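>>> just the structure for this:
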Amino acid sequence: MSTSFTDEWLVTILTPLLPDGAIERFRTTGADRQASLWEKVIDSKVMGEAELLAALSARCRLPVADLSLATEAARDALPEALARRHQCVPIVVTDSLLEVATASPYDVGAEQSLAFATGREVRMALASAGAIARKLDELYGAEQPDDVAHLLEGMGTFDITEIDDTDQDNDLELVAAEASSRPIIKLVDVLLADGITSRASDIHIESAETAVIVRYRIDGVLRQAMTIPRKAGIPLISRIKIMSGLDIADRLRPQDGRSRVAVNGNPVDLRVSTLPATHGEKVVIRILNTQATMLALPSLGLYPEEQETIRSLLLHKEGIVLVTGPTGSGKTTSLYACIREIQVEGINIVTIEDPVEYRLGQNIVQVQTNDRQGLTFATALRSILRQDPDVVLVGEIRDLETAQVAVQASLTGHLVLSTLHTNDAPNTVTRLVDMGLEAFKIGAALRGIVAQRLMRRLCPYCRALVPRTDLPPRLASFIPLGAEIYQAVGCGQCTQTGYRGRFSIVETLVMSVELERLVGTNTTAEKIGMAAREAGMLTLFECGLRHVIDGHTSIDELLRVTDVPTVPIVALPEIMPVGTSAMPAPREELLSGLELLDDGAFGGPAATASRGTILLVEDEDTLRRVMRDLLEQEGYVIHEARDGGEALEQVDRHAPDLVLLDLNLPNIDGYSVLTQLRSRALTRDLPVIVLTARGDEDNEVRVLGLGANDFLTKPFRPRALAARIDALLGRPAG
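Numbers count the residues shown, from 1 in each chain. As a prediction, the model looks like this:
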């Protein structure tokens, strides 16, 4: 009989250090007595404890702990229950740091839990499990039972017996009494606190035949956290229902409720949903942690130009802006971030939600629908329109009636924000037509559509480069030569998943006169998509690919979330290359990423003598490299800057003949850089060409008013850029 070790993570480290077959012998011998690989190695004298610690220290890059240095102050800073639960010995504590000894360096949950409980940064050192157990007894006294076992101790033994569901349903007083018992209350508290500190977005409690299984959804993936005896699991579910205001007697119908708890003083909203199943109710708790969720556009992981596009949609005083995607794609969080952008005292904002997920604070009225009382999205929206709103947020457009009222509101001077379940932005129009809306009204009402998905972010501690030969053939043509592509590996910082956290990728369709005409004539989603892409819209795949090229995520995650296009990519303003049937030459590949619509501008050999010095100010590394390559081939000397502060320093250092300036820069933006250049005597007449993704007329007038010599919108044509540079520098074109 073979067994899994309680410290299975040691197998990878010890396999090359132990004799051949030792691991398998340990698995099949003594399985009924101990299941710790560490103990088996020490007991068999195959390796000494000091040698084992040294190997582990070299692999994990952690020091070996000196337990004799443990202080009383460190002991007092870490509660005994927490220290024993995670088998960690506190050694040194300061105002901002806690150093602990552990035998499980890959237990990220322990590190997060200790940091959350003590409010300090946790640093790990290594010690053996036996030494840690002895030191814990020395610091805190005799060993106490395991936390969860101790919580369940007061409920007696848990023999699995056949349960008569009918009798139990009728004995409501007994169920309520069990749910209100102190061990169950403590068990619920432990479960919620552990889920919140583990960064879980949902807690799934599922009744099985002989047990109740608890799983956490972390970064979009479910992971099993614990198994609870069925006798404790049933009152646990009842306790959660009592907390959420649900009917514990009704186990045959789905129910929805909500609760609010505080973990170490931090308020956390819980949204609870129950579902009848074969072996009992399944409960899903959605954790809405306002402390962990930053409701702002920059926190969504969007690129600066994507944020600016969304902000431009929010400047409209009327019309509809839709956020689309499947369940769990972050639509509501994005809408709340949009509301935060326009939340000021002078604007009346009202929301209709089912349910209200986050409380947004002052100057915003939030209404929760109640179908039983007749308060649906449509009826609530009609009433809200009599409350003189400026902005209305409708949680979801689910039916024709809600869609009609929302469109009517948008056509009568209100900005309406809402969500819809569609695959991409162009198909949103088709979905609205299928609901029964007239196409001409959709075209008149729509201002923009943001389709989005969530992608997992690669763990920065363990990501590894992928050789170009290992790229999937169907994606190789989309990856530029020289790009550094990373893959997930797994380490203690990311619980061996290779990912930590998530960000949004978006496909933003901004309505124009041409798109309004197409939508109004009830054309196909394919034609709408083609027109939107010609106007500069990036698809979800292109946005995700850009993040892959920038090292934020992996190709596997891109393929998990998006579909590879079957047609060539038309234009990628800031990523390259386009999809072609064969890999292009390196230089042509770079040019294709800049929407090379007319050949020949940068096609000649590089000049033998310098034609002048240009300062290129652009924070996007990929685009900056492409532009530098183009300009250097024309014979210009190029200096680069990634933000506004660096740009001003480079101007003073190199005295360039011309500046190519992006507007969306970190630290000091392009507007401020331009203003400072024009306020100095030495740079007052320095030629400046502004390159920006914001090509609207108001922005162009503003930039020219600040003293820019020229204004060029991304994606630009290389010949047009060459002609503008030659004109400003007084040189003949070509």
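>>> give the buried residues for stretch 523-534.
Of the residues in stretch 523-534, T523, A525, I528, G529, M530, A531, A532, R533 count as buried by neighbour count, 16 or more other Cβ atoms under 10 Å. Placement of C-beta: from N, CA and C, glycine included.
>>> ugh, wrong one, stretch 647-655
A647, L648, Q650, V651.
>>> give me every residue that touches the third one.
It stands for Q650. Counting by Cβ atoms under 8 Å, 6 or more residues apart in numbering, Q650 touches L615, H639, E640, A641, P656.
>>> narrow those residues to those in strands?
L615, H639, E640, A641 (DSSP state E).
>>> the second one contacts V617, doesn't it?
No. Shown here, H639 and V617 do not form a contact pair, counting by Cβ atoms under 8 Å, at 9.5 Å.
>>> so for these two, which residue has more residues nearby?
Counted by other Cβ atoms under 10 Å, H639 and V617 do not tie: V617 has more neighbours, with 27 against 18.
>>> who touches that one in this structure?
E640, A641, R642, G644, A647, V659, L660, L661, D662, L665, G670, V673.
>>> hmm, back to that, so which two of the buried residues of stretch 647-655 are the farthest from each other?
L648 and Q650 (7.4 Å; Cβ to Cβ).
>>> please report how far G705 lies from L686.
Between G705 and L686 the computed distance is 17 Å (Cβ to Cβ, to the nearest Å).
>>> ok, the two, which is more surrounded?
L686 (18 against 9).
>>> the stretch 501-650 of the chain: strands as residue ranges?
Assigned by DSSP state E, counting those that start in this stretch, the stretch 501-650 of the chain shows strands spanning 613-617, 637-641.
>>> who touches the last one?
For strand 637-641, the external contacting residues (Cβ under 8 Å, 6+ apart) are 610, 612-618, 624, 628, 631-632, 647, 649-650, 654, 656.
>>> isn't L67 right up against C88?
No. The criterion here is Cβ under 8 Å, and L67 misses it with C88 at 11.4 Å.
>>> list residues touching both of those two?
A101, I132.
>>> of these two, which one has the most company?
Applying other Cβ under 10 Å to L67 and C88 shows that C88 carries more neighbours, namely 27 against 19.
>>> residue contacts, the more buried one?
By Cβ under 8 Å, 6+ apart, C88 lies in contact with L78, V100, A101, T102, A110, L114, I132.
>>> for D662, same thing?
So D662 contacts V617, E618, D619, E620, G670, V690, L691, T692 (Cβ under 8 Å, 6+ apart).
>>> quick one on the thing from earlier: just give me the closest of the contacts of Q650 to K45.
Distance to K45 across those (Cβ to Cβ) is lowest for E640, with 61.0 Å.
>>> burial measure for I42, as a count.
Per other Cβ under 10 Å, the neighbour tally for I42 reads 17.
>>> ramachandran coordinates for the closest residue to it other than its chain neighbours?
Closest residue in space to I42, ignoring its immediate chain neighbours: E49 at 5.6 Å, by Cβ to Cβ, 6 or more residues apart in numbering. When read as degrees, to the nearest 10, the backbone of E49 gives phi -70, psi -40.
>>> give me the distance between E49 and E618.
With Cβ to Cβ as the criterion, E49 and E618 are 56 Å apart.
>>> between the two, which one's more packed in?
Taking other Cβ under 10 Å, E49 and E618 do not tie; E618 has more neighbours (26 against 14).
>>> got the phi/psi numbers for that one?
Torsion angles, degrees, to the nearest 10, at E618: phi -160, psi 130.
>>> count the neighbours of the residue nearest to L18 when sequence neighbours are not counted for me.
Spatial nearest neighbour of L18, excluding adjacent residues (Cβ to Cβ, 6+ apart): V46 at 6.0 Å. Neighbour count for V46, taken as other Cβ under 10 Å: 17.
>>> which residues does V46 contact?
By Cβ under 8 Å, 6+ apart, the neighbours of V46 are L18, P19, A22.
>>> redo the ones in strands among the contacts of Q650 as JSON lines? Include pLDDT and distance to S512.
Shown next, in JSON lines, are those (pLDDT from 0 to 100; distance: Cβ to Cβ, whole Å):
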{"residue": "L615", "pLDDT": "93", "distance to S512": "33"}
{"residue": "H639", "pLDDT": "90", "distance to S512": "37"}
{"residue": "E640", "pLDDT": "90", "distance to S512": "34"}
{"residue": "A641", "pLDDT": "89", "distance to S512": "33"}
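>>> export those to CSV and tack on distance to T332?
Output for these, formatted as CSV (distance: Cβ to Cβ, whole Å):
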residue, distance to T332
L615, 43
H639, 45
E640, 40
A641, 38
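>>> quick check, nearest of those to V263?
Using Cβ to Cβ, the ones in strands among the contacts of Q650 come closest to V263 at A641, 44.4 Å.
>>> does the closest one have beta-bridge partners, and which?
V617 (DSSP bridges).
>>> any idea how far it is from H654?
10 Å.
>>> hmm, who's touching stretch 386-400?
The contact list for stretch 386-400 (Cβ under 8 Å, 6+ apart) reads 317, 322, 332, 335, 339, 342, 347-354, 365, 369, 377-378, 381, 384-385, 402-403, 406, 409, 414-421, 432, 435-437.
>>> tell me which of those residues fall in helices.
Cross-referencing the contacts of stretch 386-400 against helices under DSSP state H gives 332, 335, 339, 342, 377-378, 381, 384, 402-403, 406, 409, 432, 435.
>>> now the buried members of the residues you listed.
Counted by 16+ other Cβ under 10 Å, these give 332, 335, 339, 377-378, 381, 384, 402-403, 406, 409, 432, 435 as buried.
>>> just flag the most distant two among those.
I339 and M435, at 24.7 Å, using Cβ to Cβ across these.
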